[in-house]
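>>> got a predicted structure here, sequence first:
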Amino acid sequence: MKWKVEYPNGYTKYFRPSDVQLVMYDCTFKNSRNAALKIHSGETTKVVCAWVLCDSIDIKTEDFIEDNFNQVKYNPRVLPFWNKDGVNMDGSKTKQVYSIDYKLNIK
């Protein structure tokens, strides 16, 4: 798995989660609800159906944030929406989202 970053100009870049930390600002959690429900019910195999929209992003290669206390999860096999402690986060906005390896956290 790699993090996929798409820029407004159409440019796309992929990053290995162990090499970088994504720090995203003014974010919204998005989800293709129909695709997630199909995965959740077992109708289809897992496909990419969730993303984070952000106004800006920093790609850090050092001095990583290490606070791993406010994790936001997405696994449509378990719950068909972005969640924090089981609470639906789809459409939620937050000031900052940052990655720690394969996990996402909010500040």
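Now that the structure is in, tell me what you want to look at. Numbering: from 1, shown residues only.

>>> report how many residues lie close to residue 66.
Residue 66 has 9 neighbours, counted by other CB atoms under 10 Å. (Glycine included, C-beta is placed from N, CA and C.)

>>> where do the strands sit along this protein?
Using DSSP state E, the strands of the chain run over 3-6, 12-15, 21-31, 50-60, 71-75, 79-84, 87-88, 93-100, 103-106.

>>> want to throw these into a markdown table with mean neighbour count and mean pLDDT?
Below are the strands of the chain laid out as a markdown table (neighbours: other CB atoms under 10 Å; pLDDT from 0 to 100):
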| stretch | mean neighbour count | mean pLDDT |
| --- | --- | --- |
| strand 3-6 | 14 | 96 |
| strand 12-15 | 11 | 97 |
| strand 21-31 | 19 | 98 |
| strand 50-60 | 14 | 97 |
| strand 71-75 | 16 | 96 |
| strand 79-84 | 20 | 97 |
| strand 87-88 | 12 | 96 |
| strand 93-100 | 17 | 97 |
| strand 103-106 | 17 | 96 |
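
>>> residue 38: which of those is closest?
Comparison of those against residue 38 by CB to CB identifies strand 79-84 as nearest, at 8.7 Å.

>>> hmm, who's touching that closest one?
Outside strand 79-84, the residues that touch it by CB atoms under 8 Å, 6 or more residues apart in numbering are 29, 31, 33, 36-37, 39-40, 50, 70-74, 86, 88-90, 92, 106.

>>> please repeat the previous calculation with a cut-off of 7 Å.
Contact partners of strand 79-84, identified using CB atoms under 7 Å, 6 or more residues apart in numbering, comprise 29, 31, 33, 36-37, 40, 50, 72-74, 88-90.

>>> okay, now the sheet partners of it, with direction.
Note on strand 79-84: by DSSP bridges, its sheet partners are strand 71-75 (antiparallel), strand 87-88 (antiparallel).

>>> distance to residue 81 for these - can I get that in CSV?
Below are the strands paired with strand 79-84 laid out as CSV (distance: least, CB to CB, whole Å):
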stretch, distance to residue 81
strand 71-75, 8
strand 87-88, 5
